[in-house]
Structure formats: structure tokens, C-alpha cells
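S.K.: Return a 3D structure for these sequence lines:
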Amino acid sequence: MSVAVLEPVPRPLQRLLRRAVLGLAGERRRRFPPALHVGVPGGSSRTFEPGDESLDHALRVDVVEALVRSLSRSPGLPLVWLTRPGPLRLEDADLDWLAAIRTASGELDVSLRFFVVCRQAWVDPISGVGRSWQRPPRHRKPLS
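M.R.: Model prediction:
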């Protein structure tokens, strides 16, 4: 029950994912551990950093389910995004988390959207739809 994002990407979703990229753009370390986030970028969310531990599929599913359940009182369906260093090309870890999210989504009977986010881009690993910037996007000041 993972939901793929297709073009045209709805504006509210584009804004949320841009916010996820902005949140990562402030990371000062060149190398940092990947982290799985569930919730709303820039809003209510939970984060899991596996560190150097190797997780099997069942443990990843448990992590996703625990994070989603911890936000069960939040309105709307949460987004799930993996932040990591490096270029935005799909890696084995991205696909491992995608498989866990699909399993957790079915077990919880909720539709989840999963994205991979790096410093200058985001992508939906199911559809390949994403956005990238030459430089990290900047915060825009709201018009008064």
C-alpha cells in the first residue's frame, strides 16, 4: 500500500519535500549517518538513526510501524523519508527501507509515501519522480 507520486506533484507535497531538503541542507558534517523520518517535514515527526547497525527486514518493519504508531494521533497520513549523504541515486539501503515500508503499510492498513532525501534533491523510489537543485534551496520569506 505504498503510494507512488506521479507528475504533476501536488504543490503542498512539493513544499513539504522541499522543507525536508532544507532541513538536511543545514547539516554541517560531510558524512553523517542515514536517518529514517516519519511525520511532516518541519513539523511533528519522529526519527530513527540506525547508526552502523545492520538491520534485517523484520527489524526495519518494526521500526517503521513503531514510528507510524507514535504519530497515530496526528491528522492525515504521515510521510516517510530517508535522509542520507551522497548523490541521489538509488542505493541498496533505500530499497531495503522501501520494502520494509511496504510491509509495514500493509500490516498497519495505511497508505504511506516514501522518499529519499539528500542535500540537494528528493526522489520517490517507486516512480522515480523527484526534484533536484544545483544548490540547496533557500528558505523564502513569507510575503507580508
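
S.K.: which intervals of this protein have sub-threshold pLDDT?
M.R.: 1-2, 73-76, 135-144 (pLDDT under 70).

S.K.: Go again with 80.
M.R.: 1-3, 25-30, 51-53, 72-77, 134-144 (pLDDT under 80).

S.K.: which SS state does the spatially most central residue of it fall under?
M.R.: Nearest residue to the geometric centre of the chain (Cα atoms, centre = their mean): residue 81, 0.8 Å. Secondary structure for residue 81, judged by DSSP: H, G, I helix; E, B strand; the rest coil, is strand.

S.K.: mind listing the helices for the chain?
M.R.: Using DSSP state H, the helices assigned to the chain run over residues 11-25, 57-70, 92-108.

S.K.: So which of the ones you listed is nearest residue 129?
M.R.: Evaluated over these, closeness to residue 129 peaks at helix 11-25, with 10.3 Å, by Cβ to Cβ. Where C-beta positions appear, they are placed from N, C-alpha and C, glycine not excepted.

S.K.: Give me the helices and strands touching the closest one, please.
M.R.: strand 79-83, strand 113-118, strand 121-123, strand 130-132 (3 or more Cβ pairs under 8 Å, 6 or more residues apart in numbering; DSSP states H and E).

S.K.: re earlier: nearest to residue 126, of the helices of the chain?
M.R.: So among the helices of the chain, helix 92-108 is nearest, using Cβ to Cβ, at 7.2 Å.
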